[in-house]
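In: model the structure of this input:
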Amino acid sequence: MIDMKHKKGEKCEDVGSSKYPYGLMLNLEDEQIQSLGIDLPEVGAEMMLNCKVKVVSCREEEDEGGETQSSCQLQIVAIGTKGKAKGLFDHPSRVKLEE
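Out: Modelled structure (predicted):
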């Protein structure tokens, strides 16, 4: 796994004091928490998630100085916690999604 924290000295344009870039926060509401079959975790707890995502857009831009910046948007289409998703993500064909 790759730690996604901002690197030391990296310019942080995010609002707030998060150690992580904007867009890496996942918000689950009651319906999703219940669907995952988990209890509301304690603040500061760490969990393992398995996700299937769909790439919905990709972009590469070049500024006047010739620097390029890339980005892509990923839509989570299926998610599971370690206990509930056991074996579910072994093979992508096992996840049947409505389109």
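In: ok, Cys72 - contacts?
Out: 55, 57-59 (C-beta atoms under 8 Å, 6 or more residues apart in numbering). Glycine gets a C-beta too; all of them are placed from N, C-alpha and C.
In: now the helix or strand containing it: average pLDDT?
Out: Mapping Cys72 onto the secondary structure by DSSP states H and E places it in strand 68-81. Mean per-residue pLDDT for strand 68-81: 91.
In: now it: how far from the chain's centre is it?
Out: Using C-alpha atoms, centre = their mean, to the nearest Å, the mean C-alpha position of strand 68-81 is found 6 Å from that of the whole chain.
In: that one pairs with which strands?
Out: Strand 68-81 has its sheet partners listed here by DSSP bridges as strand 49-62 (antiparallel).
In: hmm, back to that, what comes up buried for the strand holding Cys72?
Out: Within strand 68-81, the residues scored as buried using 16 or more other C-beta atoms under 10 Å are 78-80.
In: which residues of the chain score low on pLDDT?
Out: Applying pLDDT under 70 to the chain picks out residues 9-17, 82-99.
In: same thing but at 50, please
Out: Scanning the chain for pLDDT under 50 picks out 84-99.
In: mind checking which residue lies nearest the centre of it?
Out: Relative to the mean C-alpha position of the chain, the nearest C-alpha, by C-alpha atoms, centre = their mean, is the one of Leu24, at 5.4 Å.
In: mind listing what that one touches?
Out: Leu24 makes contacts with Met4, as judged by C-beta under 8 Å, 6+ apart.
In: any idea how far His6 is from it?
Out: Relative to His6, Leu24 is positioned 10 Å away (C-beta to C-beta, to the nearest Å).
In: and for Met25?
Out: Using C-beta to C-beta, Met25 is found at 14 Å from His6.
In: these two: which has the busier surroundings?
Out: Shown here are Met25 and His6; by other C-beta atoms under 10 Å, His6 has more neighbours (13 against 8).
In: touching, the more buried one and Tyr20? I think so.
Out: Yes - because the distance of 6.9 Å satisfies C-beta atoms under 8 Å, His6 is recorded as touching Tyr20.
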